[in-house]
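A.B. asks: what follows is a predicted structure for the sequence shown.
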Amino acid sequence: ILDVLSDPVVVVSPEARLLFANKAFGEFLGIPADELVGTPFQEHIRAEDPVPVLGPSESHRVTLSRYVRRDGEERWGEAHCLTITNGQSVGFHVISVLDVTERHRATDSQREGEILWSDMFSRSTDAVVIYVAIEGGADFRVRDLNPACERIERVNGEEVVGRSAQEAFPHLGSSGMLEVMRRVWSTGAPERREVMRREADSISGWWVHTVTKVAGNYLVDIYEDVTERKRAEEGLRQLTKDLERRVQERTLQLEMINRELEAFSYSVSHDLRAPLRHLSAYSELLLSRCGGELNDTARRYVDVIADSARQMGVLIDDLLQFSRIGRTELRLTEVDMRSLVEEVVESLSDAIGARSVEWTIADLPAVRGDRALLKQVWANLLDNAVKYTRPRAMAQIEVGFERSEHEVTYYVRDNGVGFDMQYVDKLFGVFQRLHRPEEFEGTGIGLANVSRIVTRLGGQVWAEAQLDKGATFYFSLPR
């Protein structure tokens, strides 16, 4: 009969040896039941745990012990022991064992959870207050508070526990937190609220409260001090206002400067050109009407005057173009760089004349930019390449590119006269020339225009060269 029971059952002698074990007890220990017969009961229980065997004066006992299975696993067993006597002597014990391992683990887990909560409650740097609802949730009584709350609120926990919420913390009513607590109690939905506190006529700090309804009649209010963050945000807002004011002031200054530049451009375009027109016109009149009366020296003087007037006119045009580049509104489109280069090369045919020029133009990738400004870049770079290869019997000009993850770098490489790299920093400045005007014409503004345009388009420009071996000019643009 005992063997068919689902609960583990054993019969134990007065000496605590197993006389019988049913199949369920064998499964409980992971040992065949017949192997258990004759073994000491203590052998199957942790040494420090009690053996569920009755003493002479006992008739029943319930004992909680840890049973050790053959595979080493421990199981909690609740043993109920009855003694069957033969007259006055102890005969044997019948012990039924209930497996309570899961129940015991749940109890341990609950105990660990309580310890963990208690530890977190006492160690938390945020204030934690536990309230119990009274008057049907119309008011609340302080059930407990952690040390952080005592420090922040400047109260003694023992003195406020048991008091009503508003009596313990008067600011709850004026800040609207008591109403939040009532609403959370009513709806069951947690709420988060930022509260500003005042002392006298100044702000003492900011706090963020999170109120949650928990099991039973309890509310938990956890709040953190965000004063430093709020002050930092206020400082950032003030800084933003100051920056906006400065930007506005600077914008007005730039608008004024632009108006002055417009006035300057008008002056250059009209006032300075008038004397040049007079120089050119009267030089031509002098040569046409009085040329026969002039000797060779006088004629040369007049030619120098006319040529200087023409050069000054070109310089004024270049200066006007340089000043407009920074003020021209960008018209960004997808620009086919290959066709743009070919267009510029075609326009240079008159400058090349009968010279031998070998062009190598790569299949340049398109880029987003201002087509008119990019045309000026290519025109300056390619015109320079044509100009500075003039001494070569066969000029070689290569237009190529290099691509990276974030940008495209274009370059113009030639086999011209090059330059000394120690002067490369001067190359892109206004009026900077590395060759004498008698050797190569120019105003020294072209590369400054290139640099200004590329910079406006978000790129960079630089150059490499060897004296008398050629030069390479690069400019990069975002992809």
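C.D. replies: All right, it came through fine. Numbering: from 1, shown residues only.

A.B. asks: for the helix or strand containing Gly77, buried residues please.
C.D. replies: Here Gly77, judged by DSSP states H and E, is contained in strand 74-86. Neighbour counts using 16 or more other Cβ atoms under 10 Å place 75-81, 83 of strand 74-86 among the buried residues. (Each C-beta comes from the backbone N, C-alpha and C, glycine too.)

A.B. asks: count the residues that sit near the residue nearest to Asp383 when sequence neighbours are not counted.
C.D. replies: With sequence-adjacent residues excluded and distances taken as Cβ to Cβ, 6 or more residues apart in numbering, Asp383 is closest to Leu348, at 6.4 Å. Around Leu348 there are 16 other residues, counting by other Cβ atoms under 10 Å.

A.B. asks: begin at 34 from now on, thanks
C.D. replies: That works, and once the first residue is 34, the last one we named lands at Leu381.

A.B. asks: thinking again about what came up before, dump the buried residues of strand 107-119 to CSV, plus distance to Asp152 and pLDDT.
C.D. replies: Below are those laid out as CSV (distance: Cβ to Cβ, whole Å; pLDDT from 0 to 100):
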residue, distance to Asp152, pLDDT
Arg108, 30, 91
Trp109, 26, 89
Gly110, 31, 91
Glu111, 30, 91
Ala112, 35, 91
His113, 37, 90
Cys114, 39, 87
Thr116, 46, 80
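
A.B. asks: hang on, the earlier thing: you'd agree the residue nearest to Asp416 is up against Asn417?
C.D. replies: No - contact criterion Cβ atoms under 8 Å: Leu381 and Asn417 do not qualify, at 10.8 Å.

A.B. asks: now the angle from the helix or strand where Gly124 lies to strand 107-119?
C.D. replies: Here Gly124 sits within strand 122-132, counting by DSSP H and E. Strand 122-132 and strand 107-119 are oriented at 150 degrees to each other (axes from the mean of the first three to the mean of the last three Cα atoms, to 10 degrees).

A.B. asks: show me what strand 122-132 is packed against.
C.D. replies: If you count contacts as 3 or more Cβ pairs under 8 Å, 6 or more residues apart in numbering; DSSP states H and E, strand 122-132 packs onto strand 42-45, helix 56-62, strand 107-119.

A.B. asks: what lines up beside that strand in the sheet?
C.D. replies: Counting by DSSP bridges, the strands paired with strand 122-132 are strand 42-45 (antiparallel), strand 107-119 (antiparallel).

A.B. asks: average pLDDT for the first one, rounded please.
C.D. replies: Confidence over strand 42-45 (mean pLDDT, whole number) is 91.

A.B. asks: just how off-centre is the next helix or strand after that strand within its chain?
C.D. replies: Proceeding N to C from strand 42-45, the next assigned helix or strand is strand 51-54, under DSSP H and E. Here the centre of strand 51-54 is set off from its chain's centre by 71 Å, with Cα atoms, centre = their mean, to the nearest Å.

A.B. asks: re the thing from before, so which of the strands paired with strand 122-132 comes closest to Val337?
C.D. replies: Checking these against Val337 by Cβ to Cβ gives strand 107-119 as the closest, at 113.3 Å.
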